[in-house]
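Student: Just need the structure, nothing else, for what follows:
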Amino acid sequence: MNSSGGLPRTLLPVSPHCSLLYKRGALSCQGNASQVTDQTSCFRAKWGIVMQSIALRLTVAASIVTLGIPQAVVAQSESESESGSRMLEEIVVTATRRDESMQDVPISLSVLTDEDITDTGAVTLRDMAGLVPNFVFGNSINEVTTDIAIRGIYTQVNPAQIGFEQNVNVYVDGVYMGKQFSANAELGQTERIEVLRGPQGTLFGKNAIAGAINIISKKPGNEFEGSVSVDVGSRDLNHFKGTVNIPIVQDRFALRISAGSRLQDGYVTNVTRAGDDPGSVDHTSGRIQLRYMGDRTTVDLVHDFSRLRTEDYFQEWLGFGTDVSPFFDGKKYTISNNVPQESAVDLAGYALTVEHVFENDYVFTSISAWRQDEGAFETDIDLSPPNFFAFSTLMEPDQFTQELRLTSPAGGAFDFVTGIYYIDQFTAGYDRAFPGTRFGPAQGEFTQGRDIDVEAFSVFAHGNYHFSDALTLFGGLRYLTETKESVSHALTCPTNPITCRAFRLPTRTEPLEAPVDLETNEPTGSIGLRYHVNDDVMVYGSVARGVKSTAFNNSRDPVADYARGLLVADPSFVNSYEIGIKASLMDRRAELNFAVFNMDYTDLQVRITCSTCGTAGLPEQRLTNAAAASSQGFELELHALATESLRVSAGVGYLDAEYDSFKGATNNKTGMIIDASGLKLAYGPEWTVNVALQHRLEVAGGMLTSLLGVQYIDERYGRGTVANNPEELIPDQSLVNGRIAYRPRSGKWGVAAWVKNATDDDTQVHATFAAGGLGGRGALGQYQEPRSYGVTLDYRI
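Tutor: Numbering: from 1, shown residues only. Predicted coordinates:
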């Protein structure tokens with residue numbers, strides 16, 4: 001005790017001129033302020049001790065979690081590791097726009113490798129969702145639409161709504177997939193998928209307020225190689241994939257070509273249209289890459305294309321009011337549409353990536369990309385046999401992006417990435433609505449077109465200052481300026497002039513511009529500390545700010561809707577706080593990553609059903625702003641080589657996501673204005689869990705590999721709802737998938753048998769409530785795709 005009776009005062013010498021004074025739980029620097037170098041040393045030592053304290057607490061937590069691995073397994077792993085057994089392979093990612101080990105990146109992220117894609121039989125991004133904690137890929141009308149939610153934050157983007165985007169950005173080889181139906185591409189030649197949780201606006205641009213998905217494809221190389229695989233399975237599945245890598249000029253030019261074709265029948269019966277096949281898929285895709293490999297310059301020219309045709313399992317009646325009771329039979333996987341539900345999507349893109357390494361090891365990167373996509377969608381709004389109401393949409397986004405980056409070499413006291421980004425996106429949309437017999441003499445057709453023009457420019461920088469080999473301060477800043485314009489074109493009733501009058505539509509032949517151009521001029525950024533306790537344990541803490549730009553709602557009369565406050569949704573903002581630990585354990589035979597987070601949103605853009613906003617006062621979905629929402633929870637991931645032959649992977653996500661203040665919400669069941677404060681966010685399950693066991697067994701002449709995976713998702717509310725009605729609650733669900741594969745020692749060929757949804761689970765996976773007015777009132781939803789199974793044959797050159 002000191003003379004004052006307080007806690008002990010302790011001096012920790014740092015240098016001859018500076019010491020750390022510990023008093024009452026606080027650290028301060030003591031010494032000659034003129035000794036700049038020593039003061040810096042004192043500062044580094046102070047924060048080193050602080051971070052060690054945090055690290056100690058998190059490491060203890062990690063050790064506790066690791067006790068979940070059987071002790072006999074741990075002991076065996078340690079002894080075998082010391083004798084030279086296998087270790088987990090290091091995964092290098094580009095989540096910070098430079099190559100880094102995943103275990104050194106201070107972000108909560110999950111990485112899915114090409115081996116993961118093969119072992120799980122994943123075909124599209126949707127198939128990988130259950131392997132990532134706090135990641136939900138909501139069921140929608142088909143595999144075209146991508147209702148992606150990270151940490152309970154998502155925006156349902158109907159293909160007909162062209163004036164706003166999702167909260168999760170998707171990139172393929174650094175190219176932004178600007179529209180949601182462009183994102184769920186085939187994964188045929190994917191090297192890895194990086195799922196980044198939390199706002200990523202600094203390095204991944206506008207709108208990434210929930211997270212980002214970074215998809216990296218396999219690149220051309222100097223070795224001649226090729227492969228072909230064929231899947232045959234249930235529902236007449238025929239899935240072909242092929243690739244070839246051709247070195248044109250050794251060490252200079254290489255070409256890689258990949259292609260795929262997938263055909264599969266549906267699993268839903270339409271009792272009204274016997275020839276329909278809802279749930280069926282016809283998908284063809286390809287990718288051509290030409291690479292130049294100079295001494296210091298690499299150039300990649302890429303062309304990708306995709307043609308997708310589906311008969312859609314839109315949704316079916318789950319419960320009913322008086323309007324739809326004649327059409328509800330209570331049978332699962334049964335619909336009764338009188339209009340075919342179909343989607344036709346064609347995607348095409350070109351990208352030119354140039355990377356040059358200067359003599360001082362600075363790296364200049366240029367990514368120029370142009371995309372032209374097209375999507376056509378036809379929907380039976382009332383989902384019933386009578387000719388009540390049908391709707392079709394055509395949208396054609398045309399996008400050019402340009403990114404320029406300069407990356408400093410690593411290894412010094414300070415390193416950085418800085419650059420500029422430009423996007424020019426023009427989307428033309430065309431709608432046709434068909435009021436049917438229910439509307440008597442007003443039945444007919446009305447059509448309208450609309451254009452959205454977006455131009456945005458941003459400048460960004462992200463850097464790391466290394467106080468020591470252990471302690472790093474990191475942070476970045478991005479400033480965005482964006483302009484968005486909207487024009488509504490002719491609105492006509494070509495088949496029946498009475499239709500427009502009956503629906504009080506403002507017919508016109510001239511384009512009508514929105515009375516405002518939307519401008520977003522906002523900064524985003526992040527800052528944090530990363531501390532390496534030792535070579536195997538890293539802890540970090542960060543604060544980030546994100547922004548999602550303003551949005552236009554679809555409008556037939558933008559002047560009137562603007563006056564009513566229905567045209568525009570304001571920007572959304574988020575402040576995120578995250579701390580985490582990444583640890584390599586058991587002589588690097590195991591990896592444990594844990595992150596806890598809190599995200600506070602203001603003016604969160606939310607899609608609601610407005611009971612009187614649509615044509616002739618009918619219900620219509622609109623994007624609006626919730627005053628405040630929050631999302632907090634944690635993610636835990638474990639990968640371990642339990643034995644030489646058994647690998648265990650597990651992930652757990654916990655989430656508490658709700659509206660903190662949302663007084664202008666609408667209950668789409670009753671049509672009443674409600675206070676949604678305290679209600680749960682859609683697609684925000686409390687728990688997501690995945691466990692996978694992979695076993696390798698050497699048999700005569702080859703290797704037998706088996707995989708068993710279980711994915712669990714807790715109950716959650718469906719898309720398009722804020723009222724938390726019981727009819728909109730989706731039950732919890734467990735899926736079991738399995739695969740067993742054999743490959744001889746030559747590695748030339750392989751065969752595998754697989755099953756998805758092995759227990760044939762038929763849990764409801766989507767729920768909403770139709771508010772009535774277009775032919776029906778009641779609960780709507782979908783059921784889990786039934787069990788599928790098949791065999792895969794592959795051959796490698």
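Student: My guess is Arg151 contacts Ser631. True?
Tutor: Yes: under the criterion of Cβ atoms under 8 Å, Arg151 makes contact with Ser631 at 4.8 Å. For glycine as for every other residue, the C-beta is placed from the backbone atoms N, C-alpha and C.
Student: okay, and the common contacts of those two?
Tutor: Here Arg151 and Ser631 have 597, 599, 655, 657, 684 as joint contacts, going by Cβ atoms under 8 Å, 6 or more residues apart in numbering.
Student: More neighbours: which of Arg151 and Ser631?
Tutor: Per other Cβ atoms under 10 Å, whichever of Arg151 and Ser631 has more neighbours is Arg151, with 28 against 25.
Student: any idea how far that one is from Asn575?
Tutor: 14 Å (Cβ to Cβ, to the nearest Å).
Student: what do the two both touch?
Tutor: Residues touching both Arg151 and Asn575 by Cβ under 8 Å, 6+ apart: Met599.
Student: Would you map the strands across the stretch 201-350 of the chain?
Tutor: Ranges of strands in the stretch 201-350 of the chain, per DSSP state E, counting those that start in this stretch, are 211-217, 225-233, 237-249, 253-264, 269-270, 281-293, 297-311, 316-317, 334-335, 342-357.
Student: Please apply the same query to the stretch 451-600 of the chain.
Tutor: Using DSSP E, counting those that start in this stretch, strands in the stretch 451-600 of the chain cover 471-492, 512-513, 518-532, 537-548, 551-552, 568-569, 572-585, 590-610.
Student: Please identify the deepest-packed of the ones you listed.
Tutor: Sort the strands of the stretch 451-600 of the chain by mean neighbour count, taking mean count of other Cβ atoms under 10 Å, and strand 551-552 sits at the top with a mean of 26.
Student: Okay, now the unreliable bits of the stretch 51-200 of the chain?
Tutor: 51-85, 139-145, 156-160, 184-185 (pLDDT under 70).
Student: any idea where the helices of it begin and end?
Tutor: Ranges of helices in the stretch 51-200 of the chain, per DSSP state H, counting those that start in this stretch, are 71-82, 114-120.
Student: Report the buried residues of the shortest one.
Tutor: When neighbours are counted by 16 or more other Cβ atoms under 10 Å, the buried residues of helix 114-120 are found to be 114, 116-120.
Student: Rebuild those as CSV, extending it with distance to Thr495.
Tutor: Formatted as CSV, these follow (distance: Cβ to Cβ, whole Å):
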residue, distance to Thr495
Asp114, 52
Asp116, 52
Ile117, 48
Thr118, 52
Asp119, 54
Thr120, 49
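Student: List just the nearest of those residues to Leu394.
Tutor: Ile117 (32.5 Å; Cβ to Cβ).
Student: low-scoring stretches of the stretch 251-400 of the chain, by residue?
Tutor: Ranges of the stretch 251-400 of the chain meeting pLDDT under 70: 314, 317-330.
Student: and the gap between Pro340 and Thr379?
Tutor: 10 Å.
Student: More neighbours: those two, which one.
Tutor: Thr379 (23 against 17).
Student: Could you say which helix or strand holds the more buried one?
Tutor: Element membership of Thr379, judged by DSSP states H and E, is strand 374-380.
Student: Alright, that wraps it up for me.
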